[in-house]
Each structure stands twice: as structure tokens, then as C-alpha cells.
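Visitor: Got a predicted model here, sequence first, then my questions.
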Amino acid sequence: MKKIYFMIFSIMLLVTVGTGCSNDEAENTEMKAEQVELTVSAAVSLQDALNDIKDSFEKENVNVKVNYNFGASGALQQQISQGAPVDLFFSAAEDKFDKLVDEDLIEEKNGIDLVGNKLVLVVPKDSDKEMESLKDLKKATKISIGTPESVPAGQYAKQTLENMNLWKEVEDRLIYAKDVRQVLTYVETGNVDAGLVYKTDAMNSSKVDIVATAKEDLHDPIIYPVGIINNSSHRKEAQLFYDYLQSVDSDKVFKKYGFEDLD
């Protein structure tokens, strides 16, 4: 009789364990099913700050993975206009962002001007050109800026040079780059004598010196808007990240990398 009781108990135990395993497997499957990947197209000048923000965001939101597509804002805007699957757009220029608003790809209420930046003139650490101001660009043989049509920093650089009546004088010495980070690389490696980049990029390079900062009235305001794409397939998670970018913790990260609050 004891053997029969023992067999019955053993069977019940196996059934209980099996049921527990099944429940665990179901929960794990459900967790995996809830894993969401967000695609964020962002200006390359935001790369360092956004990578830090991604790490802290994912720790707080374990089921959300953030994938970045960094590049020139103009090129990213065109990709989104042509149907690229993107959840959020973080631009280095208002006009690129506004194009998506005009195309009904972003609603104004789902976008915000988040941070600002400055345009600076940089030279290699070992430069012998003795530059002290933007006017000293006349001394440079090669100058790099971003392609004005697609790179906001290049657009601001062109505006600055035009408003200083320097554009025509230096135009034939310009080396255009696909984005602001490439401009910085050209200067760091000594391939050009000088370049116009964002303050945030220059601050984080040990291979360049900041010679001068462009006055704000020489170019359009440098403003970085961010917004949720209307056809995002992960609307809830996109909103989570959008809100997190506006948090106190994110603000500290932006300031750490030299971005400025907007008045």
C-alpha cells in the first residue's frame, strides 16, 4: 500500500513541476514577444550623448532596445520622406524637421525643440597657421565644412562666411564633408588647415583647438528638434523614449557633452 501511495505522490509531484516549467516557459515566451526595437534617426553630432542616454534608458526599460541611425540630418530626413521605417527623428536643424511636419510624417504636438549648440572654428593641435578668429581663414589653404545642402553644420558655416563677406574669398579652398564628424576628422588628421564644426564635437576631441566661436547673429539658430514619426510601429515605446529624452537625467547628459538649454 505504501508503494502505491509513493507512486501517486511521485506522479503528482511530476505533474506540478511540469506545470511550473510550462508556466515559466510561457512567461519567458511572452517576455520575448514583448521585446521591442526602436529605430531612431539622429544627427551624428548627437552620437556620444545619445549612446549614454541609450544605456540608462535600456536599464530602466528592459524590453526596449534602441537602435540608432546616425548621419547628416538632411540625408536622414530624405530617408524618412522616402519611407524608411523609423520611430523617432532627432535633427540638428529645424528646417529638416519642418519638412517632415509639412509632409504629415510628424505631428507638431509630437515634436519639441530640445537642445542647442554653437558653431566653432577648429584647427589641428600642431597648426602653424596662427589663426585667432574667423577672419584668419584667409590664411588657410584648405578648409572643411559639411555639404551645405544636406549637413546643417555646413549650412550654418556657409551662412556665417557669407555674412562675414568671406564666402567668395575662400570658396575655392573648401573641402566638403558628408557630415560634421567627417569635418572634424579632416582637421584632426591635418588633411585641412581648419574646419567649422559644432562646439560639442570639438570639445570631445583632443586633437584640435577651438580658435573662435561664430556669433549667433551670423547664422540661423542652431536648434535640435526631436519628434515621433506618425507611422511608428511601436508608438508606446517611442513615446517612452521621447519622454525620456526630456528627463532631468538626459538633460545632464546633454550638458555633459556641451549642448545648451534653449531659452
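Guide: Yep, it's here. Residues are numbered from 1 along each chain as shown.

Visitor: ok, now how distant is residue 99 from residue 225?
Guide: 11 Å (CB to CB, to the nearest Å). Quick note: C-beta positions are derived from backbone N, CA and C, even for glycine.

Visitor: These two: which is more packed in?
Guide: Ranked by neighbour count (other CB atoms under 10 Å), residue 99 and residue 225 place residue 225 first, with 23 against 18.

Visitor: partner residues bridging that one?
Guide: residue 113 (DSSP bridges).

Visitor: what pLDDT does the closest residue in space to residue 133 that isn't next to it in sequence get?
Guide: Leaving aside its sequence neighbours, residue 133 sits nearest to residue 212 (CB to CB, 6 or more residues apart in numbering; 5.0 Å). Per-residue confidence (pLDDT) for residue 212: 97.

Visitor: likewise residue 157?
Guide: At residue 157, the pLDDT recorded in the model is 98.

Visitor: Contact partners for it?
Guide: Each residue near residue 157 by CB atoms under 8 Å, 6 or more residues apart in numbering is listed here: 119, 145, 146, 148, 196, 219.

Visitor: surely the last one meets residue 119?
Guide: Yes: the pair formed by residue 219 and residue 119 meets the contact definition of CB atoms under 8 Å, at 6.4 Å.

Visitor: and for the two, which residues touch both?
Guide: 156, 157, 160.

Visitor: wait, isn't residue 142 in contact with residue 192?
Guide: Yes: between residue 142 and residue 192 there is a contact under CB under 8 Å: 4.1 Å.

Visitor: Just the C-alpha atoms of stretch 220-227, please, in PDB.
Guide: C-alpha atoms of stretch 220-227 as PDB (Å, rounded to 0.1, in the frame of the first residue of the first chain):
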ATOM      1  CA  ASP A 220      20.300  80.600 -38.200                       C
ATOM      2  CA  PRO A 221      19.700  79.500 -34.600                       C
ATOM      3  CA  ILE A 222      21.300  76.000 -34.000                       C
ATOM      4  CA  ILE A 223      18.400  74.100 -32.600                       C
ATOM      5  CA  TYR A 224      17.900  70.300 -32.300                       C
ATOM      6  CA  PRO A 225      14.200  69.200 -32.600                       C
ATOM      7  CA  VAL A 226      13.100  65.700 -31.900                       C
ATOM      8  CA  GLY A 227       9.800  64.000 -32.700                       C
END
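
Visitor: Residue 168: neighbouring residues, count only.
Guide: Residue 168, neighbours per other CB under 10 Å, totals 9.

Visitor: same question for the helix or strand where it lies, mean pLDDT?
Guide: Residue 168 belongs to helix 167-170 when assigned by DSSP states H and E. Averaged across helix 167-170, the pLDDT comes to 96.

Visitor: Which other helices and strands does that helix contact?
Guide: helix 152-163 (3 or more CB pairs under 8 Å, 6 or more residues apart in numbering; DSSP states H and E).

Visitor: Nothing else from me, thank you.
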